[in-house]
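**Q** prediction below, plus the sequence it came from.
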Amino acid sequence: MERSLRKYSPIFILPTMLAFFVGFILPFIMGIYLSFCEFTTVTDGKFVGLKNYIKVFQDATFLHSLWFTVLFTIVSVIAINVLAFAVAMLMTKGIRGTNVFRTVFFMPNLIGGIVLGYIWQLIFNGILQYFSRTLTYSSKYGFWGLVILICWQQIGYMMIIYIAGLQSIPGDLYEAAEIDGCTKRQTLFKITIPMSMPSITICTFLTLTNGFKLFDQNLALTAGQPSNKTEMLALNIFSTFYSRVGWEGVGQAKAVIFFIIVVAIALIQLRLTRSKEVQQ
Amino acid sequence: MKRMNKVLALALAAVMTASALAGCGGAASSSTPAASSGSTSTGAKGQVYYLNFKPEQADQWTALAKKYTEQTGVPVNVVTAASGTYEQTLKSEIAKTEAPTLFQVNGPVGLAAWKDYCYDLSGTDVYKELKSDDFALKDGNAVYGIAYVIETYGIIYNKTLLEKAGYTAADITNFASLKKVADDIQARKAELGIKGAFASAGMDSSSDWRFKTHLANLPIYYEYQKDGIGDTEAIKGTYLDNYKNIWDLYITDSTCAPSLLSSKTGDDALSEFVLGEAVFYQNGTWAYGDIQKADTLKDDEIGMLPIYIGAEGEENQGLCTGSENYWCVNKNAKPEDIQATLDFMKWCVTSEEGKTALSSEMGFVCPFKGFTGEFLPSNPLIAAADQYIADGKTSVLWCFTTMPSEEWKNGVGNALLEYAQGTGDWSAVTKAFVDGWATEKKA
């Protein structure tokens, strides 16, 4: 049985591989090729060498959006993880109605980014109106608006992961700590956090890449206004590709650079947090 | 038994492959309604796929297409791109196998990007129907685009409110008198029961084109007139001070504080106007449909004024008239589809049904020979435009079709907004206008 499984495995893998090839590998290779081309539509590329990549680094909006994205990611990763961890701690304390609270915290995650963006835009503008301001008045408002939005959306999701992690910590560790006279703070930093390192790895990975790749929320909330100052990388790539005639290749080149950055950051981060994980 | 297993495995694999492929196909066709109905075409007869630019007339186009299909059996698909997304929709649609056969460009600059896809329309029936060559987009002898609608914009005003304030349109003949009237109305807004003289000059993407494109047309027009040119590689910005004056007027005598402009939409301005909260509203003949839909203002209560910016001799200035809607036929479509498309275009501008739909249902002024008498739209804004021409005023040309790129418009729009909010100053607008023009023309 096992032998025949091995023999026929290619047949079973084939459909998925085919879909993966058509839906992922092929566009990816095409995308890399197109980043060296000048084109109007994706089927009529003309090879131009490194021209697009040179243009990318002369484009001030790209560099601005890069820094904006980095700043946003740092702030949002810290905020989401700290808050999600705190909420997860609360939710595992056995408070009455925990399940209801968990559901409520998780729900924002079920709403799509575009809808969420518009809803929060209305809320923010409704409040800022009292001060004769709008969300797109200055990039500061847009930045903090995005941070609040993304926290609201992702804390619930990360909370679920942290809860699972916290619940898997063996109770005898806490018991031993209590007998040894550990303070609450010591228990947190010496037991709870090291023991939930695997969940921290997953959550930082997710929030980090989500922060970098953020698109719909950015588009719906501020659309890069004012003056492209709240434009993040993904949106910058999108608008370069679609709204600048003759810059399609540059948009594509930006996308390739974007890919390299995201992969590099994700790998470094995985290695860093993995090394801190404790074997049980 | 073993053989059974093999057969079963193969069969399963086949089913999975098939379902995976079917899944792909299904997803692709449902995301583009055009492609799915296109694939049921009648083959030799050809088919039409029109990528429509004007969301205001989306329903009317679909209805007209249906009528054509009923009469001739030729399938016509009309897909309308959402406001502000035409270029990106076109870009992705035209790369498909079932590409649009009929699309549109916005003028010479738009044509430059899409020329490789444009079928030469000289010698076609629809080109022969054109009243004059002025309405064709030509490159040498080749005709690549045909304007199908002529539009006019200016400052739409509420006659009732203007009279209530003690003025008539005749009092406004230049920038000075426009400012005087607007300032007076603004000062007495509580007494008149309005919120401001001008509807909000929103800089949201649904409204910012009114200022970064249409209003910016005036300084460009006057500069071209002064220099006797029709396009330029480097604009001087001779009339930028006038641009500043009119922009200042829009944002000061407004229904809202300038710091709120960044999120004010086109709908906000429209509703302020139709609800009688503002007297003036810069927009064009295409806005009539929306004004009429609101059903608050009667046809004889609205009129249109020229946009005065304080240039010399502007007492003789009329409204801004032109077109940025040119039909182009996709050269790369199948020959029978091209033929079907040309037939459809001809039918639209010559048949009774087509002419009625274009003129009365969509409210277009069409530059084709057949559009006379009853086929002139009953749009009071168009009547106002015609009156100015009859009075011997000079219409302002749509020079904005020579603006270098969307990027230029965005640069100007961003600077205008920052200036209005007080987070930037006017020199940024000048820089975006003059320097941006040179950079973008070169690119």
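**A** Everything's here; your move.
**Q** can you show me the helices along the stretch 51-200 of chain B?
**A** Remark: helices assigned in the stretch 51-200 of chain B by DSSP state H, counting those that start in this stretch are B:58-72, B:86-93, B:108-114, B:125-128, B:159-164, B:175-187, B:189-192.
**Q** mind putting the ones you listed in TSV, mean neighbour count included?
**A** Backbone N, C-alpha and C define where each C-beta goes, glycine included. Conversion of the helices of the stretch 51-200 of chain B to TSV gives the following (neighbours: other Cβ atoms under 10 Å in any protein chain shown):
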stretch	mean neighbour count
helix B:58-72	16
helix B:86-93	19
helix B:108-114	19
helix B:125-128	17
helix B:159-164	18
helix B:175-187	18
helix B:189-192	14
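**Q** put together a markdown table for the ones you listed, with mean pLDDT and distance to B:T213 on each row.
**A** Shown next, in a markdown table, are these (pLDDT from 0 to 100; distance: least, Cβ to Cβ, whole Å):
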| stretch | mean pLDDT | distance to B:T213 |
| --- | --- | --- |
| helix B:58-72 | 91 | 21 |
| helix B:86-93 | 86 | 14 |
| helix B:108-114 | 84 | 12 |
| helix B:125-128 | 89 | 27 |
| helix B:159-164 | 91 | 26 |
| helix B:175-187 | 92 | 20 |
| helix B:189-192 | 89 | 29 |
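**Q** would you format those helices as a markdown table with distance to chain A included?
**A** As requested, the helices of the stretch 51-200 of chain B are exported to a markdown table (distance: least, Cβ to the nearest Cβ, whole Å):
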| stretch | distance to chain A |
| --- | --- |
| helix B:58-72 | 21 |
| helix B:86-93 | 4 |
| helix B:108-114 | 4 |
| helix B:125-128 | 25 |
| helix B:159-164 | 25 |
| helix B:175-187 | 17 |
| helix B:189-192 | 17 |
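**Q** after the host helix or strand of A:L63, which helix or strand is next?
**A** Here A:L63 sits within helix A:60-91, counting by DSSP states H and E. Sequence-wise, the next helix or strand downstream of helix A:60-91 (DSSP H and E) is helix A:98-106.
**Q** flag every buried residue along that following helix.
**A** Neighbour-count burial for helix A:98-106, counted by 16 or more other Cβ atoms under 10 Å in any protein chain shown, picks out A:102, A:105.
**Q** what's in contact with that helix?
**A** Helix A:98-106 is contacted from outside by A:87, A:91, A:95, A:155-157, A:159-160, A:163, using Cβ atoms under 8 Å, 6 or more residues apart in numbering or on different chains.
**Q** go again with 10 Å.
**A** With contacts defined as Cβ atoms under 10 Å, 6 or more residues apart in numbering or on different chains, helix A:98-106 is touched by A:84, A:87-88, A:90-92, A:95, A:97, A:152, A:155-160, A:163.
**Q** pull out the buried members of these.
**A** For the contacts of helix A:98-106, buried by 16+ other Cβ under 10 Å: A:84, A:87-88, A:91-92, A:152, A:155-160, A:163.
**Q** so where is the stretch 201-350 of chain B shaky, pLDDT-wise?
**A** Across the stretch 201-350 of chain B, not a single residue meets the criterion (pLDDT under 70).
**Q** what does it put close to chain A?
**A** Within the stretch 201-350 of chain B, the positions near chain A by Cβ under 10 Å from any Cβ of the partner chain are B:203-205, B:208, B:256-264, B:332.
**Q** can you tell me which two in those residues are farthest apart?
**A** The span of these, defined through Cβ to Cβ, is set by B:A257 and B:N332 at 50.8 Å.
**Q** could you report the neighbour count for B:V329?
**A** Residues contacting B:V329 under the criterion other Cβ atoms under 10 Å in any protein chain shown number 26.
**Q** same check on the one 3 residues further on?
**A** Neighbour count of B:N332, defined by other Cβ under 10 Å: 16.
**Q** my guess is it is in a helix, correct?
**A** No - counting by DSSP: H, G, I helix; E, B strand; the rest coil, B:N332 is located in no helix; its state is coil.
**Q** if we ignore the residues flanking it in sequence, what's nearest it?
**A** Nearest residue to B:N332 in three dimensions, chain neighbours excluded: B:Y117, at 6.3 Å (Cβ to Cβ, 6 or more residues apart in numbering or on different chains).
**Q** neighbours of that neighbour, just the number please.
**A** 22.
**Q** residues touching it, list them.
**A** By Cβ under 10 Å, 6+ apart, the residues touching B:Y117 are A:40-41, A:44, B:90, B:94, B:99-100, B:103, B:105, B:144, B:328-333.
**Q** ok, of those residues, which one's closest to A:Y33?
**A** Nearest member of those to A:Y33, counting by Cβ to Cβ, is A:D44, at 12.6 Å.
**Q** for the closest one, what are phi and psi?
**A** phi -130, psi 40 (degrees, to the nearest 10).
**Q** for B:T232, same thing?
**A** phi -150, psi 150.
**Q** tell me the spacing between it and B:L137.
**A** Counting by Cβ to Cβ, to the nearest Å, the separation of B:T232 from B:L137 is 19 Å.
**Q** these two: who's more crowded?
**A** B:L137 (24 against 17).
**Q** that one: what's it in contact with?
**A** Contacts of B:L137 by Cβ under 10 Å, 6+ apart are B:105-108, B:110-111, B:115, B:118, B:121, B:143-147, B:323, B:326-328, B:401.
**Q** what about 6 Å?
**A** Residues in contact with B:L137 (Cβ atoms under 6 Å, 6 or more residues apart in numbering or on different chains) are B:111, B:144-145, B:326.
**Q** can you select the buried ones from these in PyMOL?
**A** Selecting the buried subset of the contacts of B:L137 in PyMOL, with 16+ other Cβ under 10 Å as the burial test, is done by:
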select buried, chain B and resi 111+144+145+326
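**Q** backbone phi and psi for the spatially closest residue to A:N81 that is not a sequence neighbour, please?
**A** Leaving aside its sequence neighbours, A:N81 sits nearest to A:C203 (Cβ to Cβ, 6+ apart; 5.7 Å). The phi/psi pair for A:C203 (degrees, to the nearest 10) reads phi -70, psi -40.
**Q** list the residues that contact the residue lying closest to A:K46 once chain neighbours are set aside.
**A** Ranked by Cβ to Cβ, 6+ apart and with sequence neighbours excluded, the top spatial neighbour of A:K46 is A:E38, at 5.1 Å. The neighbourhood of A:E38, defined by Cβ under 6 Å, 6+ apart, consists of A:46, A:48, A:249.
**Q** leaving out chain neighbours, which residue sits closest to the second one?
**A** Counting by Cβ to Cβ, 6+ apart, A:V48 lies nearest to A:E38, which is 4.9 Å off, once chain neighbours are set aside.
**Q** quick one on the thing from earlier: what packs against the helix holding A:L63?
**A** With contacts taken as 3 or more Cβ pairs under 6 Å, 6 or more residues apart in numbering or on different chains; DSSP states H and E, helix A:60-91 sits against helix A:139-167, helix A:197-213, helix A:233-243.
**Q** end-to-end on stretch B:360-375?
**A** Stretch B:360-375 has an end-to-end distance of 7 Å (Cα to Cα, to the nearest Å).
**Q** give me the buried positions along it.
**A** Within stretch B:360-375, the residues scored as buried using 16+ other Cβ under 10 Å are B:360-368, B:370-371, B:375.
**Q** what residues does it touch?
**A** B:57, B:60, B:129, B:131, B:135, B:147, B:149-150, B:288-289, B:349-350, B:355, B:358-359, B:377, B:379, B:382.
**Q** pLDDT of it, averaged?
**A** Mean pLDDT, computed over stretch B:360-375, is 84.
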